[in-house]
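> sequence unavailable; structure follows:
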């Protein structure tokens, strides 16, 4: 598929992409942003498209993945968008985070965390603080695979030590 054919096919899908984005975002401006980002990414990665396959499905998959990644980032950061007329940007309730129950829970978790061997505790804590695997590996002078393994084991040990905090999907 030539560049001109690719671009023409992509632009012919724009209205469908916008409608599909509205299903995800429920907001016109966010849907436009998602559509624009999808088209940009499709153009950027056009060499990855396999000719004579379903182009529309390929582009819609790009949109779905962009939306999922954005959603995960928002959930991870605790940021919620209020789509009211005032469009406030809200963050998690600080009163709830500073409650006595959370303080006690944090103490329990910290006590159990302190029982972990240092070889697991240090990589896990650095990862929790936002360090990348590569940075942890360099700082601790251990292979990146070992870093990942130790973080996984630390997480598993903490889940075993703290069964009352285990997430259940009920």
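Cool, got the structure. Keep in mind that this is a model prediction, so the values were computed, not measured.

> only C-alpha atoms for contact and neighbour calcs from this point on.
Noted.

> domain ranges for this structure, per the record?
Dividing the chain into domains by automatic domain parsing, as the record does, gives the ranges 3-91, 95-165.

> average pLDDT for the first one?
Looking back up the chat, that one is domain 3-91. Rounded to a whole number, the mean pLDDT of domain 3-91 is 83.

> now do the last one
Taken as a whole, domain 95-165 carries a mean pLDDT of 85.

> Throw the domains of the chain into JSON lines and include mean neighbour count, thanks.
Formatted as JSON lines, the domains of the chain follow (neighbours: other CA atoms under 10 Å):
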{"stretch": "domain 3-91", "mean neighbour count": "14"}
{"stretch": "domain 95-165", "mean neighbour count": "14"}
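
> any idea how far residue 136 is from residue 130?
Computed with CA to CA, to the nearest Å, the distance linking residue 130 and residue 136 is 10 Å.

> okay, and residue 119 sits in which element?
Secondary structure assigned from DSSP states H and E places residue 119 in helix 118-128.

> so what does the helix or strand just after that helix touch, helix or strand wise?
Sequence order places helix 133-140 as the next helix or strand after helix 118-128, per DSSP H and E. Using 3 or more CA pairs under 8 Å, 6 or more residues apart in numbering; DSSP states H and E as the contact criterion, the elements in contact with helix 133-140 are helix 118-128, helix 144-161.

> adding distance to residue 5, write those out as CSV.
As requested, these are exported to CSV (distance: least, CA to CA, whole Å):
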stretch, distance to residue 5
helix 118-128, 45
helix 144-161, 43
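
> need the contact list for the residue nearest to residue 25 when sequence neighbours are not counted.
Distance criterion CA to CA, 6 or more residues apart in numbering; nearest residue to residue 25, sequence neighbours excluded, is residue 31 at 5.8 Å. The neighbourhood of residue 31, defined by CA atoms under 8 Å, 6 or more residues apart in numbering, consists of 18, 19, 21, 22, 24, 25.

> what distance do you get for the last one to residue 34?
When you say that, I think you mean residue 25. Residue 25 sits 8 Å away from residue 34, taking CA to CA as the criterion.

> same deal with the first one?
Distance, residue 18 to residue 34, using CA to CA: 8 Å.
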